[in-house]
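Enquirer: sequence first, then the predicted structure, then my questions.
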Amino acid sequence: MLKKPVFILAILAVIFGSVYFWLATPLKTDFPISPRFDWPDETANYFWSSHYAQTGQLSLAEPLNIVAKNQIHPRSFNVLSDGSLVPGSFLGLILFYGTLAKIFGSGALIYFTPILAILGILAFYGIIKRIFNEKIALLSAILMFFQPAWWYYSVTSMLPNVPFVSLILLSIYLLLKNHHLKLTPLLVSAFFLGLAISIRPAEIIWVAAVYLAVFASLRGRIKFTQLILFLAVMILAILPSLYHQQILYGSYFASGYDQLQPAAQPVCQSCQLVKSFILPFGFHPELIAYNFWTHYLSRLWWFTLVAILGLIAFLVQTSKTKDEIFNYLMLSFFVFIWLIIYYGSWEFTDLLTVHLNTLGLSYVRYWLPLYLLALPFTAIGLLWLINLFKNRWQGLILFLLLAFLFYQSANLVLKDKPDSILPVRERILAYKLNALEVMKLTPTDSVIVTVRKDKVFFPERKVIHTFDALSLNQELTDTLPGLVKIAPVYYYALGQEPILEFTNGLKLEPVKEIGAEILYQVKFSQL
């Protein structure tokens with residue numbers, strides 16, 4: 001018979017798993033069209049995962065880029081010197097999900113992350129139970145189901161952060177679950193860690209610190225040969241990413257985030273690699289403090305307040321603390337400091353993104369481990385609060401507190417902001433309808449210049465993205481005359497373009513107004 005905590009988690013896993021699946025499933029249209037996403041990164045990850053599943057390749061030839069000066073590509077893609085399109089990110093998620101899609105089909109791609117999210121929660125329960133106790137572990141896992149950052153990125157399913165964290169949690173759980181470390185869990189744990197590192201190699205410093213602590217806790221229970229096997233399997237899991245990086249970028253340690261266009265000065269790859277792991281954005285204390293307050297502490301204040309209360313209650317307790325809990329606290333402190341400095345020194349230059357997004361800002365997903373590390377202290381805070389009441393009221397008070405936390409979280413995740421999930425689903429449906437309309441008006445071999453709407457028309461149409469109106473992008477207007485001679489070119493504007501004829505002979509002919517937006521055909525009057 002299932003123990004009560006396991007039964008509760010099983011029920012919640014089914015309920016929240018169903019919710020995650022439903023929210024990850026796009027709204028349907030009457031016409032078939034490939035999935036659309038609100039993040040350019042998701043668009044890229046889905047395309048390359050699907051492309052890899054179907055072809056086994058991570059590049060796509062684009063002959064028109066010879067004339068277009070390598071400007072034909074969506075955001076989050078990169079371009080080789082021969083004009084070929086390649087991923088603009090780390091390759092681990094693409095290879096992992098692409099391999100799964102070979103087995104289960106590309107239609108399953110959007111569901112891999114929700115599945116990993118649920119498994120990550122169950123693994124988190126097992127880890128926290130091992131370190132704290134069953135009551136704190138159960139409450140932590142319950143909170144994790146609707147922790148806003150976790151919930152949001154579990155259904156924003158083609159981003160790498162939840163898969164990365166879930167694989168780390170599963171790996172650590174397998175190491176800690178049995179008193180005697182068995183070979184199969186050890187090897188699977190190593191494989192999961194290798195996958196996680198290939199998905200987010202930039203996190204390797206703090207991940208290495210976590211595993212050093214884990215193996216220190218296992219001393220006396222793990223043999224030297226087991227440790228060597230663990231490292232060997234971990235490296236084997238990373239090798240596919242390194243292999244493809246060498247093929248695509250000419251270096252085992254280059255990634256899609258590196259500048260692939262020929263540089264004016266020789267680039268020190270070792271220097272670039274070291275910089276990517278240690279302070280890639282520099283060290284800016286004032287910016288760190290601002291970002292941590294704005295995007296971590298105050299953004300989810302209802303979780304923050306209870307977690308701070310729980311941390312204080314834990315620190316002032318008079319009973320002796322288990323070594324495991326003390327180690328967890330010290331390790332959490334290190335990870336907090338590292339990630340706060342690492343990502344807190346980064347300043348968004350796209351002010352529109354900052355203005356429109358809350359959970360959808362990258363700070364939130366990069367600090368996802370910090371939200372989870374705080375959950376045991378949130379649980380302790382809840383237990384401290386209910387202990388203020390008589391026993392017969394404690395169950396009700398706990399239910400009301402959880403209901404309040406859930407309501408606040410659901411409101412933010414689902415509907416409160418422009419980047420909440422339900423508005424995003426409606427926006428993605430509008431993307432599909434706009435794309436269908438434009439596809440009716442443009443030939444299949446056309447190139448569409450767009451202001452931030454490349455994710456709407458790709459992959460059915462080739463795209464050139466710009467952040468400014470075409471009339472303000474001198475480099476692009478200088479490039480288009482040559483492209484217009486060999487391919488149909490259109491411009492999808494967010495509104496009326498102030499200039500319809502340019503000094504280099506280009507002109508814009510309105511094709512159709514689509515809401516407030518306008519589709520133009522770009523022609524060259526000298527032809």
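Expert: Looks like it arrived, so ask away. Numbering: from 1, shown residues only.

Enquirer: residues touching the residue nearest the centre of the chain, list them.
Expert: Of all residues in the chain, the one closest to the mean position by Cα atoms, centre = their mean is Leu159, 3.1 Å from it. With contact taken as Cβ atoms under 8 Å, 6 or more residues apart in numbering, Leu159 is in contact with 39, 41-42, 45, 113, 153, 365. Using the backbone N, CA and C atoms, a C-beta is placed for each residue, glycine as well.

Enquirer: so it: helix, strand or coil?
Expert: Classification of Leu159 using DSSP: H, G, I helix; E, B strand; the rest coil returns coil.

Enquirer: tell me how far it lies from Ser89.
Expert: 10 Å (Cβ to Cβ, to the nearest Å).

Enquirer: now for those two: what residues contact both?
Expert: Joint contacts of Leu159 and Ser89 (Cβ under 8 Å, 6+ apart) are 41, 45.

Enquirer: hmm, back to that, nearest to Leu183, of the contacts of Leu159?
Expert: Nearest to Leu183 among these: Thr113, at 29.3 Å, using Cβ to Cβ.

Enquirer: for the helix or strand where the closest one lies, which helices and strands make contact with it?
Expert: According to DSSP states H and E, Thr113 maps onto helix 112-131. The contact analysis (3 or more Cβ pairs under 8 Å, 6 or more residues apart in numbering; DSSP states H and E) places helix 112-131 against helix 4-24, helix 134-145, helix 148-155, helix 161-176, helix 323-344, helix 375-386.

Enquirer: related to what we said a few turns ago, distance of the residue nearest to the centre of the chain relative to Ile247?
Expert: The gap separating Leu159 from Ile247 is 25 Å, by Cβ to Cβ.

Enquirer: could you do Ala435 as well?
Expert: Separation of Ala435 from Ile247 (Cβ to Cβ) stands at 32 Å.

Enquirer: more neighbours: these two, which one.
Expert: Ala435 (23 against 13; other Cβ atoms under 10 Å).

Enquirer: what is the neighbour count of Ser217?
Expert: The tally of other residues near Ser217 (other Cβ under 10 Å) stands at 18.

Enquirer: so it is in contact with Phe326, correct?
Expert: No. Assessed by Cβ atoms under 8 Å, Ser217 is found out of contact with Phe326, at 11.4 Å.

Enquirer: in stretch 512-524, what counts as buried?
Expert: 517-524 (16 or more other Cβ atoms under 10 Å).

Enquirer: what angle sits between the helix holding Thr113 and helix 375-386?
Expert: Interaxial angle, helix 112-131 versus helix 375-386 (axes from the mean of the first three to the mean of the last three Cα atoms, to 10 degrees): 60 degrees.

Enquirer: hey, C-alpha coordinates of helix 112-131 in CSV?
Expert: Extracted in CSV, the C-alpha atoms of helix 112-131 (Å, rounded to 0.1, in the frame of the first residue of the first chain):
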residue,chain,number,x,y,z
PHE,A,112,9.0,16.3,-23.0
THR,A,113,9.5,19.3,-20.7
PRO,A,114,6.2,18.9,-18.8
ILE,A,115,7.1,15.2,-18.2
LEU,A,116,10.6,16.1,-17.0
ALA,A,117,9.1,18.8,-14.8
ILE,A,118,6.9,16.3,-12.9
LEU,A,119,9.8,13.8,-12.6
GLY,A,120,11.9,16.7,-11.3
ILE,A,121,9.4,17.4,-8.6
LEU,A,122,9.3,13.8,-7.4
ALA,A,123,13.1,13.7,-7.4
PHE,A,124,13.2,16.9,-5.4
TYR,A,125,10.9,15.3,-2.8
GLY,A,126,13.2,12.4,-2.5
ILE,A,127,16.3,14.6,-2.1
ILE,A,128,14.7,16.9,0.5
LYS,A,129,13.3,13.9,2.5
ARG,A,130,16.9,12.6,2.6
ILE,A,131,18.3,15.9,3.9
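
Enquirer: so for it, mean pLDDT?
Expert: Average pLDDT, helix 112-131: 97.

Enquirer: now swap in stretch 70-85 and tell me
Expert: 93.

Enquirer: okay, how far is it across it, tip to tip?
Expert: The first and final residues of stretch 70-85 sit 9 Å from each other (Cα to Cα, to the nearest Å).

Enquirer: so what touches it?
Expert: For stretch 70-85, contacts defined as Cβ under 8 Å, 6+ apart pick out 40-41, 43-45, 59-66, 68, 86-89, 248, 256, 260-262, 447, 454-455, 458, 462-465, 476, 479.

Enquirer: buried residues in that stretch?
Expert: For stretch 70-85, by 16+ other Cβ under 10 Å, it's 70-80, 83-85.

Enquirer: relative to Val306, which of those is nearest.
Expert: Ranked by distance to Val306 (Cβ to Cβ), these are led by Ser76 at 36.1 Å.

Enquirer: follow-up on the earlier one: quick one: distance of the helix holding Thr113 to the chain centre.
Expert: 18 Å (Cα atoms, centre = their mean, to the nearest Å).

Enquirer: report the angle between it and helix 134-145.
Expert: Using the same axes, to 10 degrees: helix 112-131 against helix 134-145 is 160 degrees.

Enquirer: other residues contacting stretch 288-295?
Expert: By Cβ under 8 Å, 6+ apart, the surrounding residues in contact with stretch 288-295 are 340-341, 343-346, 361, 363-364, 367.

Enquirer: for that stretch, give the mean pLDDT please.
Expert: For stretch 288-295, the per-residue pLDDT values average out at 93.

Enquirer: for that stretch, buried residues please.
Expert: Residues of stretch 288-295 classed as buried: 288, 291-292, 295 (neighbour count, 16+ other Cβ under 10 Å).

Enquirer: does Tyr249 touch Gly256 like I think?
Expert: Yes. Assessed by Cβ under 8 Å, Tyr249 is found in contact with Gly256 at 7.5 Å.

Enquirer: overlap in contacts, these two.
Expert: Val86.

Enquirer: hey, where'd the strands end up in the stretch 301-450 of the chain?
Expert: Counting by DSSP state E, counting those that start in this stretch, the segments of the stretch 301-450 of the chain that form strands are 447-451.

Enquirer: output the lowest mean pLDDT helix or strand found in this protein.
Expert: Within the chain, no helix or strand scores below helix 269-277, which has a mean of 64 by mean pLDDT, DSSP states H and E.

Enquirer: just how off-centre is the helix or strand just after it within its chain?
Expert: The helix or strand immediately downstream of helix 269-277 is helix 285-292, counting by DSSP H and E. Relative to the chain's own centre, helix 285-292 is displaced by 22 Å; criterion: Cα atoms, centre = their mean.

Enquirer: mind listing what's buried in stretch 493-503?
Expert: For stretch 493-503, the neighbour count (16+ other Cβ under 10 Å) marks 493, 497, 502 as buried.

Enquirer: so what are the domain limits for this protein?
Expert: Residue ranges for the domains of the chain, per automatic domain parsing: 285-422, 424-524.

Enquirer: would you mind giving those as CSV with distance to Ala208 added?
Expert: Formatted as CSV, the domains of the chain follow (distance: least, Cβ to Cβ, whole Å):
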stretch, distance to Ala208
domain 285-422, 11
domain 424-524, 35
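
Enquirer: thinking again about what came up before, weed out the non-buried ones from the contacts of stretch 70-85.
Expert: The buried subset of these (16+ other Cβ under 10 Å) comprises 40-41, 43-45, 59-60, 62, 64-65, 68, 86-89, 248, 256, 260, 447, 454-455, 458, 462-465, 476, 479.

Enquirer: quick one: which of those sit in strands?
Expert: Counting by DSSP state E, these place 86-87, 447, 462-465 in strands.

Enquirer: next, count neighbours for the nearest residue to Leu300 once chain neighbours are set aside.
Expert: Residue nearest to Leu300 in three dimensions, not counting chain neighbours: Pro148, with 5.6 Å by Cβ to Cβ, 6 or more residues apart in numbering. Residues near Pro148, counting by other Cβ under 10 Å, number 24.

Enquirer: low-scoring stretches of this protein, by residue?
Expert: Along the chain, segments meeting pLDDT under 70 span 1-2, 258-276, 318, 350-352, 526-527.
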